[in-house]
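Participant: sharing a model prediction with you, sequence too.
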Amino acid sequence: MNPPYDITSRILKLITSISEKLGQINASFLDKPSTSLRKQNKIRTIHSSLKIEGNTLTEEQITAILANKRVIGPQKDIKEVINAIKVYDAILDYKPNDEKSFLRAHKMLMADLIEKPGNYRKQGVGIVKGNKVEHLAPPYENVPFLMKDLFQYLKSEEIELIKSCVFHYEMEFIHPFIDGNGRMGRLWQTLILMAKYPVFEYIPFETLISNDQQKYYKALADCDKVGKSTKFIEYMLDVINESLSSLLIFNNRTFNTKQRLEYFESLDIVEFTRKDYMDIFKDISSSTASRDLKKGIELGLLIKSGENNKTKYKIIGF
């Protein structure tokens with residue numbers, strides 16, 4: 001049986017808007033971001049997802065840990081970051097429809113932070129806010145059956161945009177682990193989306209959640225009250241829509257010469273002309289393209305052959 005939710009007119013509008021933006025991203029080759037953009041987004045994703053859980057480390061400190069530099073901070077926070085880096089580095093190894101993969105990711109994410117990571121809880125849990133129980137999770141005996149049903153739902157014909165939101169909410173409701181449920185919900189939503197749209201590996205929608213955590217928790221609480229994930233689907237689709245807008249704005253406004261060259265290099269195009277280069281970056285002039293390519297030669301990224309209209313460029317390394 002599928003989890004309960006309604007498809008509202010707002011959900012349909014958001015799906016249309018997201019689909020249009022994904023089309024624009026694919027059309028402008030933004031589904032293959034530059035190496036620097038990939039790294040930056042991974043740092044932002046890890047920082048935001050852990051910040052929601054109370055981690056105190058900054059983006060600068062996470063960058064330093066990624067570079068194997070020593071960082072001063074709470075040992076637990078540092079360990080959370082190290083574990084998260086390992087998980088996000090191995091993100092392509094996880095299968096969104098596979099429960100064993102899910103448990104393996106939790107084991108890596110929570111290693112040395114809780115007892116028996118990668119195992120479902122064997123005790124009752126509740127979420128307490130102040131002196132009030134905000135959410136009482138289902139009895140631990142039910143967790144394996146509920147999670148099996150949830151993974152079965154992932155094999156349904158429902159579209160990935162909705163499935164990813166429903167899984168995220170239902171997993172938070174079931175609360176299958178003693179700790180790490182929030183970060184697993186956000187990670188697994190990313191994986192479900194990536195299976196259909198690889199660009200989601202580079203969309204740090206956790207940043208928008210962490211910027212207004214109250215909205216996130218309110219959407220979860222509202223769904224608990226009515227027993228349907230509809231409000232959470234609306235909330236998360238809104239977050240995804242905004243995140244895609246940010247990526248498109250970034251592409252249109254802030255790429256400099258170096259970022260354009262790095263991005264072009266990531267496309268694995270062996271040989272190309274100035275026109276080919278301009279076909280990727282539609283908003284730049286021919287003189288800007290010429291300056292970029294000259295800079296690429298100076299930086300040792302490109303080699304040039306031929307003259308005038310027979311000029312070609314080759315990326316060094318191919």
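Facilitator: Sure thing, it's come through.

Participant: in stretch 94-111, what counts as buried?
Facilitator: Judged by neighbour count (16 or more other C-beta atoms under 10 Å), stretch 94-111 contains these buried residues: 94, 96, 101-110. Placement of C-beta: from N, CA and C, glycine included.

Participant: now do that stretch: everything it contacts.
Facilitator: With contacts defined as C-beta atoms under 8 Å, 6 or more residues apart in numbering, stretch 94-111 is touched by 83-84, 86-87, 90, 117-120, 147-148, 151, 154-155, 177, 179-180, 183-184, 187-188, 191-192, 194-195.

Participant: can you give me how far that stretch is from the chain middle?
Facilitator: Mean-position distance between stretch 94-111 and its chain equals 16 Å (C-alpha atoms, centre = their mean, to the nearest Å).

Participant: before we move on, what about stretch 297-310?
Facilitator: Stretch 297-310 has its C-alpha centroid displaced from the chain centroid by 36 Å (C-alpha atoms, centre = their mean).

Participant: residues contacting it, please?
Facilitator: When contacts are defined by C-beta under 8 Å, 6+ apart, stretch 297-310 is touched by residues 258, 261, 265, 293, 296, 311-316.

Participant: same thing but at 6 Å, please
Facilitator: For stretch 297-310, the external contacting residues (C-beta atoms under 6 Å, 6 or more residues apart in numbering) are 261, 296, 312-314.

Participant: ranges for the helices of this protein?
Facilitator: With helices called from DSSP state H, the chain shows them at 9-27, 35-52, 59-66, 75-89, 99-109, 143-153, 160-174, 181-196, 206-211, 213-226, 230-253, 257-266, 274-280, 286-298.

Participant: next, the angle from the longest one to helix 213-226.
Facilitator: Read it as helix 230-253. If you take axes from the mean of the first three to the mean of the last three C-alpha atoms, to 10 degrees, helix 230-253 sits at 150 degrees to helix 213-226.

Participant: contacts for helix 230-253, please.
Facilitator: So helix 230-253 is contacted by 5-6, 10-11, 14, 17-18, 21, 30, 165, 169, 203, 205, 208, 219, 222-223 (C-beta under 6 Å, 6+ apart).

Participant: put the alpha carbons of that helix into PDB.
Facilitator: Output of helix 230-253 as PDB, limited to C-alpha atoms (Å, rounded to 0.1, in the frame of the first residue of the first chain):
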ATOM      1  CA  THR A 230       1.100  16.400   1.200                       C
ATOM      2  CA  LYS A 231       2.400  19.600   3.000                       C
ATOM      3  CA  PHE A 232       5.900  18.200   3.100                       C
ATOM      4  CA  ILE A 233       5.800  17.400  -0.700                       C
ATOM      5  CA  GLU A 234       4.800  21.000  -1.300                       C
ATOM      6  CA  TYR A 235       7.500  22.300   1.000                       C
ATOM      7  CA  MET A 236      10.300  20.200  -0.500                       C
ATOM      8  CA  LEU A 237       9.300  20.800  -4.100                       C
ATOM      9  CA  ASP A 238       9.400  24.600  -3.300                       C
ATOM     10  CA  VAL A 239      13.000  24.100  -1.900                       C
ATOM     11  CA  ILE A 240      14.100  22.100  -5.000                       C
ATOM     12  CA  ASN A 241      12.600  24.700  -7.300                       C
ATOM     13  CA  GLU A 242      14.500  27.600  -5.500                       C
ATOM     14  CA  SER A 243      17.700  25.600  -5.500                       C
ATOM     15  CA  LEU A 244      17.500  25.100  -9.300                       C
ATOM     16  CA  SER A 245      16.800  28.800  -9.800                       C
ATOM     17  CA  SER A 246      20.000  29.600  -7.800                       C
ATOM     18  CA  LEU A 247      22.000  27.300 -10.100                       C
ATOM     19  CA  LEU A 248      20.600  29.000 -13.200                       C
ATOM     20  CA  ILE A 249      21.300  32.500 -11.800                       C
ATOM     21  CA  PHE A 250      24.800  31.400 -10.900                       C
ATOM     22  CA  ASN A 251      25.400  30.200 -14.500                       C
ATOM     23  CA  ASN A 252      24.000  33.400 -16.100                       C
ATOM     24  CA  ARG A 253      25.600  36.000 -13.800                       C
END
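
Participant: and it with helix 181-196, angle?
Facilitator: For helix 230-253 against helix 181-196, the angle by the same axes, to 10 degrees is 60 degrees.

Participant: let me see the mean pLDDT of helix 230-253.
Facilitator: Averaging pLDDT along helix 230-253 gives 83.

Participant: distance from it to the middle of the chain?
Facilitator: Distance, stretch centre to chain centre, for helix 230-253: 12 Å (C-alpha atoms, centre = their mean).

Participant: and the shortest one, by the same measure?
Facilitator: For helix 206-211, the gap between its own C-alpha mean and the chain's C-alpha mean amounts to 11 Å (C-alpha atoms, centre = their mean).
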